[in-house]
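# 3D, please:
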Amino acid sequence: MAHIAYLGTGLLGSGFVEAALQRGDSVTVWNRTREKAAALIPFGALVADTPADAVRGAERVHLVLKDDAVVEEVISALRPGLSAEAIIVDHTTTQPALTAERATRLNAEGVKYLHCPVFIGPAAARQGQGIIMVAGPQALFDAVKPALEQQAQRVEYWGERPDLAAAYKLMGNAFIIGLGALISDVFTLAAGTDVSAADSLKLLEFFNPGTILQNRGRNMSQGKFAASFELVMARKDLRLMLETAGARPLAALPAIAARMDAVIAQGFGDQDFGVIARDALAEATGTRS
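Residues are numbered from 1 along each chain as shown. A predicted model of the protein is given here:
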(Lines give C-alpha, C1' and ligand atoms only; values in the text may rest on other atoms or scores of the structure.)
Protein backbone atom coordinates (compact mmCIF):
# COMPACT_ATOMS: atom_id res chain seq x y z
CA MET A 1 0.00 0.00 0.00
CA ALA A 2 1.39 3.36 -1.06
CA HIS A 3 1.10 6.53 1.00
CA ILE A 4 0.40 9.34 -1.45
CA ALA A 5 -0.98 12.88 -1.46
CA TYR A 6 -3.28 14.68 -3.86
CA LEU A 7 -3.32 18.45 -3.90
CA GLY A 8 -6.25 19.72 -5.93
CA THR A 9 -9.48 17.78 -5.54
CA GLY A 10 -11.72 19.22 -8.20
CA LEU A 11 -13.57 16.92 -10.57
CA LEU A 12 -10.45 15.25 -12.00
CA GLY A 13 -8.45 15.19 -8.79
CA SER A 14 -11.35 13.63 -6.92
CA GLY A 15 -11.66 10.94 -9.57
CA PHE A 16 -7.98 10.07 -9.17
CA VAL A 17 -8.30 9.98 -5.39
CA GLU A 18 -11.32 7.67 -5.44
CA ALA A 19 -9.48 5.28 -7.76
CA ALA A 20 -6.35 5.31 -5.59
CA LEU A 21 -8.39 4.56 -2.48
CA GLN A 22 -10.11 1.68 -4.26
CA ARG A 23 -6.66 0.27 -5.07
CA GLY A 24 -5.82 0.33 -1.37
CA ASP A 25 -3.53 3.35 -1.27
CA SER A 26 -3.44 5.63 1.75
CA VAL A 27 -4.31 9.09 0.44
CA THR A 28 -4.06 12.48 2.11
CA VAL A 29 -5.75 15.32 0.25
CA TRP A 30 -5.71 19.09 0.30
CA ASN A 31 -7.77 21.62 -1.58
CA ARG A 32 -8.01 25.38 -1.29
CA THR A 33 -11.77 24.93 -0.81
CA ARG A 34 -11.76 22.49 2.09
CA GLU A 35 -15.31 21.24 1.39
CA LYS A 36 -14.13 19.67 -1.86
CA ALA A 37 -11.43 17.75 -0.03
CA ALA A 38 -13.77 16.78 2.80
CA ALA A 39 -16.17 15.21 0.29
CA LEU A 40 -13.56 12.45 -0.13
CA ILE A 41 -13.56 11.47 3.56
CA PRO A 42 -16.37 8.90 3.09
CA PHE A 43 -14.14 7.16 0.52
CA GLY A 44 -11.30 6.89 3.04
CA ALA A 45 -9.21 9.98 2.35
CA LEU A 46 -7.51 11.99 5.06
CA VAL A 47 -7.84 15.77 4.78
CA ALA A 48 -4.91 18.06 5.58
CA ASP A 49 -5.14 21.70 6.58
CA THR A 50 -2.12 22.83 4.55
CA PRO A 51 -0.15 21.59 1.54
CA ALA A 52 2.84 20.90 3.79
CA ASP A 53 0.72 18.77 6.11
CA ALA A 54 -0.71 16.88 3.13
CA VAL A 55 2.65 15.75 1.81
CA ARG A 56 4.33 14.69 5.06
CA GLY A 57 5.33 11.06 4.75
CA ALA A 58 4.02 10.76 1.18
CA GLU A 59 6.13 8.88 -1.35
CA ARG A 60 4.29 10.52 -4.27
CA VAL A 61 2.64 13.92 -4.42
CA HIS A 62 0.11 14.41 -7.21
CA LEU A 63 -0.83 17.93 -8.27
CA VAL A 64 -4.09 18.49 -10.15
CA LEU A 65 -4.29 22.27 -10.17
CA LYS A 66 -5.50 25.18 -12.30
CA ASP A 67 -2.43 26.72 -13.93
CA ASP A 68 1.25 27.60 -13.58
CA ALA A 69 0.72 30.30 -10.96
CA VAL A 70 -1.20 27.93 -8.68
CA VAL A 71 1.37 25.17 -9.21
CA GLU A 72 4.16 27.50 -8.13
CA GLU A 73 2.18 28.68 -5.12
CA VAL A 74 1.29 25.17 -3.96
CA ILE A 75 4.77 23.75 -4.48
CA SER A 76 6.22 26.60 -2.42
CA ALA A 77 3.68 25.87 0.33
CA LEU A 78 4.23 22.10 0.37
CA ARG A 79 8.03 22.05 0.40
CA PRO A 80 8.42 22.31 4.21
CA GLY A 81 6.65 18.96 4.54
CA LEU A 82 8.11 17.25 1.48
CA SER A 83 10.34 14.21 1.97
CA ALA A 84 13.65 14.26 0.13
CA GLU A 85 12.65 11.01 -1.59
CA ALA A 86 9.12 12.05 -2.56
CA ILE A 87 8.34 12.59 -6.24
CA ILE A 88 6.01 15.37 -7.32
CA VAL A 89 3.80 14.15 -10.17
CA ASP A 90 2.23 17.23 -11.72
CA HIS A 91 -0.89 16.50 -13.80
CA THR A 92 -1.70 20.19 -14.33
CA THR A 93 -2.09 21.56 -17.85
CA THR A 94 0.55 24.27 -17.97
CA GLN A 95 2.45 26.59 -20.30
CA PRO A 96 5.39 24.70 -21.86
CA ALA A 97 8.07 27.36 -21.35
CA LEU A 98 7.09 27.87 -17.71
CA THR A 99 6.96 24.10 -17.21
CA ALA A 100 10.51 23.72 -18.52
CA GLU A 101 11.81 26.48 -16.27
CA ARG A 102 10.01 25.05 -13.23
CA ALA A 103 11.16 21.48 -13.83
CA THR A 104 14.78 22.51 -14.41
CA ARG A 105 14.81 24.74 -11.33
CA LEU A 106 13.16 22.28 -8.96
CA ASN A 107 15.23 19.29 -10.01
CA ALA A 108 18.41 21.37 -9.69
CA GLU A 109 17.29 22.24 -6.14
CA GLY A 110 16.88 18.56 -5.31
CA VAL A 111 13.10 18.47 -5.62
CA LYS A 112 12.02 15.46 -7.65
CA TYR A 113 9.51 16.90 -10.11
CA LEU A 114 7.91 15.23 -13.12
CA HIS A 115 5.32 16.76 -15.43
CA CYS A 116 2.56 14.28 -16.25
CA PRO A 117 -0.46 15.95 -17.94
CA VAL A 118 -3.38 13.76 -18.90
CA PHE A 119 -6.11 13.13 -21.43
CA ILE A 120 -8.53 11.81 -18.83
CA GLY A 121 -11.96 12.91 -17.65
CA PRO A 122 -13.30 12.43 -14.12
CA ALA A 123 -15.27 9.27 -14.95
CA ALA A 124 -12.27 7.75 -16.75
CA ALA A 125 -10.02 8.63 -13.79
CA ARG A 126 -12.23 6.53 -11.52
CA GLN A 127 -11.87 3.58 -13.91
CA GLY A 128 -8.13 3.89 -14.57
CA GLN A 129 -8.76 4.80 -18.20
CA GLY A 130 -7.29 7.43 -20.49
CA ILE A 131 -3.76 8.63 -21.23
CA ILE A 132 -0.99 10.05 -19.08
CA MET A 133 1.92 11.78 -20.82
CA VAL A 134 5.25 12.23 -19.08
CA ALA A 135 8.31 14.38 -19.67
CA GLY A 136 11.31 14.69 -17.41
CA PRO A 137 14.18 12.68 -15.91
CA GLN A 138 14.18 9.04 -16.94
CA ALA A 139 14.98 7.89 -13.42
CA LEU A 140 11.94 9.65 -12.01
CA PHE A 141 9.72 8.23 -14.73
CA ASP A 142 11.02 4.72 -14.08
CA ALA A 143 10.26 5.15 -10.38
CA VAL A 144 6.62 6.18 -10.89
CA LYS A 145 5.78 4.26 -14.06
CA PRO A 146 4.13 1.29 -12.28
CA ALA A 147 1.88 3.67 -10.33
CA LEU A 148 1.00 5.69 -13.43
CA GLU A 149 0.09 2.49 -15.25
CA GLN A 150 -2.51 1.88 -12.57
CA GLN A 151 -3.93 5.35 -13.13
CA ALA A 152 -4.42 5.10 -16.89
CA GLN A 153 -4.59 2.54 -19.66
CA ARG A 154 -1.74 4.22 -21.54
CA VAL A 155 1.37 6.00 -20.29
CA GLU A 156 3.38 7.85 -22.95
CA TYR A 157 6.92 8.93 -22.02
CA TRP A 158 8.26 11.71 -24.27
CA GLY A 159 11.78 11.74 -22.87
CA GLU A 160 13.78 14.09 -20.70
CA ARG A 161 12.93 17.38 -22.44
CA PRO A 162 10.86 18.84 -19.59
CA ASP A 163 8.33 20.85 -21.60
CA LEU A 164 7.39 18.23 -24.18
CA ALA A 165 4.42 16.68 -22.41
CA ALA A 166 3.07 20.18 -21.77
CA ALA A 167 3.41 20.98 -25.47
CA TYR A 168 1.64 17.82 -26.58
CA LYS A 169 -1.08 18.41 -24.01
CA LEU A 170 -1.83 21.84 -25.49
CA MET A 171 -1.76 20.45 -29.02
CA GLY A 172 -4.12 17.69 -28.01
CA ASN A 173 -6.48 20.15 -26.38
CA ALA A 174 -6.32 22.24 -29.56
CA PHE A 175 -7.73 19.21 -31.40
CA ILE A 176 -10.43 18.75 -28.78
CA ILE A 177 -11.44 22.40 -28.56
CA GLY A 178 -11.08 23.07 -32.28
CA LEU A 179 -13.15 20.06 -33.26
CA GLY A 180 -15.75 20.98 -30.67
CA ALA A 181 -15.98 24.46 -32.17
CA LEU A 182 -16.42 22.98 -35.64
CA ILE A 183 -19.15 20.67 -34.36
CA SER A 184 -20.88 23.77 -33.01
CA ASP A 185 -20.62 25.37 -36.47
CA VAL A 186 -22.00 22.23 -38.11
CA PHE A 187 -25.02 22.54 -35.81
CA THR A 188 -25.34 26.19 -36.88
CA LEU A 189 -25.35 25.16 -40.54
CA ALA A 190 -27.92 22.51 -39.68
CA ALA A 191 -30.11 25.17 -38.09
CA GLY A 192 -29.72 27.30 -41.21
CA THR A 193 -30.98 24.46 -43.38
CA ASP A 194 -33.77 23.21 -41.11
CA VAL A 195 -31.90 20.03 -40.12
CA SER A 196 -31.75 18.91 -36.50
CA ALA A 197 -28.41 18.80 -34.70
CA ALA A 198 -28.87 15.07 -34.11
CA ASP A 199 -29.55 14.45 -37.79
CA SER A 200 -26.46 16.42 -38.82
CA LEU A 201 -24.35 13.86 -36.97
CA LYS A 202 -25.64 11.12 -39.27
CA LEU A 203 -22.81 12.22 -41.58
CA LEU A 204 -20.42 10.54 -39.17
CA GLU A 205 -22.05 7.17 -39.83
CA PHE A 206 -20.41 7.04 -43.27
CA PHE A 207 -18.04 10.02 -43.37
CA ASN A 208 -14.97 9.76 -41.13
CA PRO A 209 -13.26 13.14 -40.61
CA GLY A 210 -10.59 11.44 -38.51
CA THR A 211 -9.17 9.55 -41.49
CA ILE A 212 -9.20 12.70 -43.57
CA LEU A 213 -7.51 14.57 -40.73
CA GLN A 214 -4.68 12.05 -40.54
CA ASN A 215 -4.05 11.92 -44.29
CA ARG A 216 -4.28 15.64 -44.94
CA GLY A 217 -2.38 16.42 -41.75
CA ARG A 218 0.47 14.18 -42.87
CA ASN A 219 0.71 15.97 -46.23
CA MET A 220 0.49 19.37 -44.57
CA SER A 221 3.25 18.51 -42.09
CA GLN A 222 5.50 17.62 -45.04
CA GLY A 223 4.66 20.82 -46.90
CA LYS A 224 2.87 18.94 -49.67
CA PHE A 225 0.29 21.36 -51.04
CA ALA A 226 -0.42 19.95 -54.50
CA ALA A 227 -4.10 20.66 -54.88
CA SER A 228 -6.69 18.00 -54.20
CA PHE A 229 -9.05 20.67 -52.84
CA GLU A 230 -7.93 24.08 -54.10
CA LEU A 231 -7.82 26.86 -51.55
CA VAL A 232 -9.99 29.13 -53.69
CA MET A 233 -12.62 26.41 -53.98
CA ALA A 234 -12.50 25.69 -50.26
CA ARG A 235 -12.94 29.43 -49.66
CA LYS A 236 -15.95 29.45 -51.98
CA ASP A 237 -17.50 26.67 -49.94
CA LEU A 238 -16.80 28.61 -46.77
CA ARG A 239 -18.64 31.57 -48.28
CA LEU A 240 -21.63 29.30 -48.80
CA MET A 241 -21.40 28.17 -45.18
CA LEU A 242 -21.28 31.73 -43.89
CA GLU A 243 -24.24 32.67 -46.07
CA THR A 244 -26.19 29.66 -44.82
CA ALA A 245 -25.45 30.53 -41.19
CA GLY A 246 -26.67 34.05 -41.76
CA ALA A 247 -26.75 36.10 -38.57
CA ARG A 248 -26.34 33.03 -36.38
CA PRO A 249 -23.14 33.02 -34.28
CA LEU A 250 -20.27 30.82 -35.47
CA ALA A 251 -17.36 29.58 -33.38
CA ALA A 252 -14.61 28.78 -35.90
CA LEU A 253 -15.52 29.25 -39.55
CA PRO A 254 -15.13 33.06 -39.73
CA ALA A 255 -11.54 32.83 -38.45
CA ILE A 256 -10.78 30.09 -40.98
CA ALA A 257 -12.21 32.26 -43.75
CA ALA A 258 -10.02 35.17 -42.69
CA ARG A 259 -6.92 32.98 -42.74
CA MET A 260 -7.83 31.67 -46.19
CA ASP A 261 -8.27 35.22 -47.48
CA ALA A 262 -4.82 36.17 -46.20
CA VAL A 263 -3.12 33.19 -47.90
CA ILE A 264 -5.03 33.71 -51.15
CA ALA A 265 -3.84 37.32 -51.12
CA GLN A 266 -0.27 35.98 -50.86
CA GLY A 267 -0.79 34.16 -54.15
CA PHE A 268 -1.46 30.58 -53.02
CA GLY A 269 -5.09 30.22 -54.04
CA ASP A 270 -4.38 27.47 -56.59
CA GLN A 271 -2.71 25.20 -54.04
CA ASP A 272 -4.41 22.78 -51.69
CA PHE A 273 -6.24 24.51 -48.86
CA GLY A 274 -3.76 22.91 -46.46
CA VAL A 275 -1.41 25.69 -47.53
CA ILE A 276 -3.02 27.81 -44.80
CA ALA A 277 -0.42 26.11 -42.56
CA ARG A 278 2.54 27.42 -44.58
CA ASP A 279 3.60 30.09 -42.07
CA ALA A 280 3.45 27.69 -39.12
CA LEU A 281 5.54 25.16 -41.03
CA ALA A 282 8.05 27.82 -42.12
CA GLU A 283 8.54 28.92 -38.51
CA ALA A 284 8.96 25.34 -37.32
CA THR A 285 11.67 24.65 -39.93
CA GLY A 286 13.29 28.08 -39.80
CA THR A 287 12.50 28.78 -43.46
CA ARG A 288 9.99 31.61 -43.10
CA SER A 289 10.01 33.72 -46.26
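# For the protein, give the helix that spans the most residues.
Under DSSP state H, the helix in the chain containing the largest number of residues is helix 164-192.
# For it, what is the distance to the chain centroid?
With Cα atoms, centre = their mean, to the nearest Å as the basis, helix 164-192 stands 12 Å off its chain's centre.
# same thing with stretch 119-136?
Relative to the chain's own centre, stretch 119-136 is displaced by 11 Å; criterion: Cα atoms, centre = their mean.
# Same question for stretch 141-160.
Distance of stretch 141-160 from the chain centroid (Cα atoms, centre = their mean) equals 16 Å.
# Using the record's assignment, carve the chain into domains.
Domain assignment for the chain by automatic domain parsing gives 3-162, 167-285.
# weakest of the ones you listed in terms of mean pLDDT?
Looking at the domains of the chain, the lowest mean pLDDT belongs to domain 167-285 (a mean of 95).
# if we can go back for a sec, what packs against the longest helix of the chain?
The contact analysis (3 or more Cβ pairs under 8 Å, 6 or more residues apart in numbering; DSSP states H and E) places helix 164-192 against helix 96-108, strand 118-119, strand 131-134, helix 197-200, helix 231-245. Heads up, the C-betas are built off the backbone N, CA and C, glycines and all.
# Grab the most central residue of this protein for me.
Residue closest to the mean C-alpha point of the chain, counted by Cα atoms, centre = their mean, is K169 at 3.6 Å.
# hang on, that one packs against P117?
Yes: applying Cβ atoms under 8 Å, one finds K169 in contact with P117, separated by 3.9 Å.
# Residues that sit against both of those two, list them.
Each of T93, M133 lies in contact with both K169 and P117 under the rule Cβ atoms under 8 Å, 6 or more residues apart in numbering.
# just to revisit the earlier point, make TSV out of the helices and strands packed on helix 164-192 and add mean neighbour count and distance to T9.
Formatted as TSV, the helices and strands packed on helix 164-192 follow (neighbours: other Cβ atoms under 10 Å; distance: least, Cβ to Cβ, whole Å):
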stretch	mean neighbour count	distance to T9
helix 96-108	18	22
strand 118-119	22	15
strand 131-134	22	18
helix 197-200	12	35
helix 231-245	15	41
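# Now render these as TSV, adding distance to I176.
As requested, the helices and strands packed on helix 164-192 are exported to TSV (distance: least, Cβ to Cβ, whole Å):
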stretch	distance to I176
helix 96-108	17
strand 118-119	8
strand 131-134	12
helix 197-200	19
helix 231-245	22
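# Next up, the contacts around the residue nearest to the centre of the chain.
K169 makes contact with T93, P117, V118, F119, M133, according to Cβ under 8 Å, 6+ apart.
# at 6 Å what do you get?
By Cβ atoms under 6 Å, 6 or more residues apart in numbering, the contact set of K169 is T93, P117.
# measure it to L182 for me?
20 Å (Cβ to Cβ, to the nearest Å).
# And E72, by the same measure?
Separation of E72 from L182 (Cβ to Cβ): 35 Å.
# Likewise for H115?
As judged by Cβ to Cβ, H115 and L182 stand 29 Å apart.
# Which of those two has more residues huddled nearby?
More crowded of H115 and L182, by other Cβ atoms under 10 Å: H115, with 28 against 16.
# So the more buried one sits against H91, correct?
No: in this structure H115 lies outside contact range of H91 using Cβ atoms under 6 Å: 8.5 Å.
# Can you get me the start-to-end distance on stretch 149-156?
The straight-line separation of the ends of stretch 149-156 (Cα to Cα, to the nearest Å) is 10 Å.
# what comes up buried for it?
Applying a neighbour-count criterion of 16 or more other Cβ atoms under 10 Å, one finds Q151, A152, V155 buried in stretch 149-156.
# Can you list the neighbours in contact with it?
Q129, G130, I131, I132, M133, L148.
# so can I have a markdown table of these showing distance to A54?
As requested, those are exported to a markdown table (distance: Cβ to Cβ, whole Å):
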| residue | distance to A54 |
| --- | --- |
| Q129 | 26 |
| G130 | 24 |
| I131 | 26 |
| I132 | 21 |
| M133 | 25 |
| L148 | 20 |
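# Of the residues you listed, just say which sits nearest to R278.
M133 (28.4 Å; Cβ to Cβ).
# That closest one: what's it in contact with?
Counted by Cβ under 6 Å, 6+ apart, M133 has contacts P117, E156, A165, Y168.
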